[in-house]
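# show me how the following folds:
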Amino acid sequence: MTKILFVCHGNICRSPMAEFVMKDLVEKAGLTAAFEIASAATSTEEIGNPVYPPARRKLAEHGISCAGKTARQMTRADYTHYDLLIGMDHANLRNMTRICGGDPAGKIHALLDYTARPGEVADPWYTGDFEATWRDVYEGCTALLRSLL
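Presented below is the predicted three-dimensional model:
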């Protein structure tokens, strides 16, 4: 079983979008039993809050539900539990490495590093562009799944 944790700053926009997009892709591929997929935040700001409404609506536009998801903070124990810890931007990667006390096993990666155009998934909390975030997340998750198969 491959265990993946998607991580962003607050765990209410990008990382839950990635979590539920990846779950959808895995389900459509008939591979649900082969994966454990979750998401978390590097900060404590949104702990316990649901997925941000515009992110929830963007997922729903594509037939994907994120019902019941609430934000949680990443912990050092996540490094041991998960095979891959996938961050959305460089600040997330720095904070993930700090929380985990380093990355000796090389588990921490940026989502878009799996695509032909490495970079950062822009935070729609600030940009307001949930469509651009959707495209980045979908492309990143599709490429990540392809790399794992």
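# pull out the buried positions in the worst-scoring helix or strand of the chain on mean pLDDT.
Among the helical and strand segments of the chain, the one scoring lowest on mean pLDDT, DSSP states H and E is helix 124-127, with a mean of 94. Residues of helix 124-127 classed as buried under the neighbour-count rule (16 or more other Cβ atoms under 10 Å) are Pro124, Trp125. Yep, even glycine has a C-beta here, placed from its N, CA and C like the rest.
# what's the answer for stretch 80-92, then?
Residues of stretch 80-92 classed as buried under the neighbour-count rule (16+ other Cβ under 10 Å) are Tyr82, Leu84, Leu85, Ile86, Gly87, Met88, Asp89, Asn92.
# what does that stretch contact?
2-9, 14-15, 18, 36, 38, 42, 74, 78-79, 93, 96, 100, 107-111, 120-123, 140, 144 (Cβ atoms under 8 Å, 6 or more residues apart in numbering).
# what about the strands in the protein?
Assigned by DSSP state E, the chain shows strands spanning 2-8, 35-41, 84-87, 108-110.
# got TSV for those strands, with mean pLDDT too?
Compiled in TSV, the strands of the chain are given as follows (pLDDT from 0 to 100):
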stretch	mean pLDDT
strand 2-8	98
strand 35-41	98
strand 84-87	98
strand 108-110	98
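# so which of those strands is nearest Gly63?
Distances from Gly63 to each of the strands of the chain were compared by Cβ to Cβ, and the smallest falls on strand 35-41, at 17.3 Å.
# what's the angle from the closest one to strand 2-8?
Note on geometry: by axes from the mean of the first three to the mean of the last three Cα atoms, to 10 degrees, strand 35-41 and strand 2-8 are set 20 degrees apart in direction.
# now for strand 35-41, which elements pack on it?
Under the contact criterion of 3 or more Cβ pairs under 8 Å, 6 or more residues apart in numbering; DSSP states H and E, strand 35-41 touches strand 2-8, helix 14-28.
# quick one: closest of these to Ala55.
Ala55 lies closest, by Cβ to Cβ, to one member of the helices and strands packed on strand 35-41: helix 14-28, at 5.5 Å.
# and that closest one, what other elements does it pack with?
The criterion is 3+ Cβ pairs under 8 Å, 6+ apart, and the helices and strands that helix 14-28 contacts are strand 2-8, strand 35-41, helix 53-61, helix 130-148.
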